[in-house]
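Asker: build me a model from this:
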Amino acid sequence: MSMRLRHAGDLLPHPRAKLLAAHAYECYLTDRMETGSPSCSAARSLWAGIGDRVRSPLPFVALADGLVRRADDEAQRYATLR
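Answerer: Sure thing, here's the model as predicted:
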């Protein structure tokens, strides 16, 4: 996916946003939130820029879910250490 992103600069906003959102979702699935966050923000900005109000928040939903799960995992680890 990273190679596709490197060459996606010439894409129109909608296909580029789809590619960025797919990258953000891939990062969410593989627990690489830090890597997916910029793609998530870029996809949201592109969709907002073309007026797609339905899709613009979706990457953030997946990212937020992953962050909440990570925080829950950390809290459970901390609780077991006590």
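
Asker: show me where this structure has its helices.
Answerer: Ranges of helices within the chain are 2-6, 13-29, 33-49, 58-81, based on DSSP state H.

Asker: lowest mean pLDDT among the helices and strands, pick that one out for this structure.
Answerer: Least confident helix or strand, the chain: helix 2-6 with a mean of 64, by mean pLDDT, DSSP states H and E.

Asker: so Thr35 touches Glu26, yeah?
Answerer: No: in this structure Thr35 lies outside contact range of Glu26 using CB atoms under 8 Å: 9.1 Å. Yep, even glycine has a C-beta here, placed from its N, CA and C like the rest.

Asker: Leu46: how many residues sit nearby?
Answerer: 23 (other CB atoms under 10 Å).

Asker: OK, contacts around it?
Answerer: Contacts for Leu46 were tallied using CB atoms under 8 Å, 6 or more residues apart in numbering; they are 13-14, 16-17, 20.

Asker: Cys27 too?
Answerer: Contacts of Cys27 (CB under 8 Å, 6+ apart): 33, 35-37, 39.

Asker: let's go with 7 Å and repeat that
Answerer: Shown in contact with Cys27 (CB atoms under 7 Å, 6 or more residues apart in numbering): 33, 35-36.
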